[in-house]
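please find the sequence and the predicted model below.
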Amino acid sequence: MARLREGWRIVRRFPLLVLAAPVLAAALAGCTATSFSYISKTYVGLPSQVVTIGCKEPYEIYDNRQQRRMLIVSNVLREVTGCNLNDLTIDPDPAASRTGRFRTAARTYLDETVREDCTITGETDFDALKIEFAYSCAAPIEKRGTKVPRLPGRRPGLQAQ
C-alpha cells in the first residue's frame, strides 16, 4: 500500500513527466541503434549540401562519394504537410508522395553536381525523415581530396571555399 501511495505522489508531482514518458519511448523505439550507428559511421564529418525540388523546400544531402551513397534528410513540418506548405493547405496524404520527393531530390542532386550519367541503384528508408540512396556511375571513384562540384549549404557565406 505504501508503494502505491508513493507512486501517486510522483504522478501528482510530475504529471508532465508521466505523460511524456510513453511518447518519448515510442519515438526512441523507431530509432534503432543499428541505423544510428550505421549513419554515424558512414556520414560522420561530411558537410551537408542543400538541394531544392519543386516544393521549393530544401533537402539536406550528405554524400559519401567513396561509397557512392547519399543520405537525404527532410524536416518534420514538410513531411506532415507535404508539398503544400506555401499554399497553407494540408496534403491529403503526404506519405504517398514522400518517397517520390526524396527520389526527386536524389536525382536533382546528382544532376546538379555534374553526375547525370549516375543511376540510383537502391534505397534504404531509415525513418520518415531520412532515406539513403545508393548510386553507381560509369566514372571511377574520385581520390580523396579531389575538388568536386558542390552545392551551397544552408549558410553558404560561412562555409570554407
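Here it is on my side, so go on.

and the longest helix for this structure?
The longest helix of the chain (DSSP state H) is helix 94-112.

what about the strands in the chain?
Shown for the chain, the strands assigned by DSSP state E span residues 49-52, 58-64, 69-73, 119-127, 130-136.

now those in a markdown table, with distance to residue 109?
(Glycine included, C-beta is placed from N, CA and C.) Below are the strands of the chain laid out as a markdown table (distance: least, CB to CB, whole Å):
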| stretch | distance to residue 109 |
| --- | --- |
| strand 49-52 | 5 |
| strand 58-64 | 5 |
| strand 69-73 | 7 |
| strand 119-127 | 10 |
| strand 130-136 | 9 |
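
and those strands: which comes nearest residue 112?
Distance to residue 112, taken as CB to CB, is lowest for strand 49-52 among the strands of the chain, at 6.4 Å.

where does this protein dip in pLDDT?
Residues of the chain meeting the criterion pLDDT under 70: 1-34, 55-56, 77-96, 152-161.

repeat that with 80
Within the chain, the segments meeting pLDDT under 80 span 1-35, 54-57, 75-98, 144-161.
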